[in-house]
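In: Sharing a model that was predicted from the sequence below.
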Amino acid sequence: MPPLIAGFNSCDNYPNTEGLGSSIYHYEHISIELLAYRTYWEDGEIDPKDHDEFKWISLEQLAEFDFAPADRVFVEKLQKGEIVI
């Protein structure tokens, strides 16, 4: 299975998980800190909690999507090879 870059509050309950960093973004109505982790999906269904859907995509496909401003830090790092999956 390919690695999954995902946002979690903590990686304490997720074995084989590595923290990739954080992004703090100040929206007009709220400020958020997005934490990203590399983890591996072993089995079962993925049940998105904060989004309507998810997709497995290649690095080349990242440019085809309109990511939220807080997510763009990680997208740019992936595109530049600063985060390797």
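Out: Happy to help now that I have it.
In: Could I get the full set of helices for this structure?
Out: 69-80 (DSSP state H).
In: For the protein, which segments count as strands?
Out: Using DSSP state E, the strands of the chain run over 3-7, 18-26, 31-40.
In: Which among the ones you listed is found nearest to H51?
Out: Of all these, it is strand 3-7 that lies closest to H51, at 9.7 Å by CB to CB. Bear in mind the C-beta positions are built from the backbone N, C-alpha and C, glycine included.
In: of all the strands of the chain, which lies closest to E60?
Out: strand 3-7 (15.3 Å).
In: Compare the strands of the chain and give me the one nearest L62.
Out: Evaluated with CB to CB, those place strand 3-7 nearest to L62, the distance being 10.6 Å.
In: Quick one: the strands of the chain as TSV, columns for mean neighbour count too.
Out: TSV is the format used below for those (neighbours: other CB atoms under 10 Å):
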stretch	mean neighbour count
strand 3-7	17
strand 18-26	14
strand 31-40	15
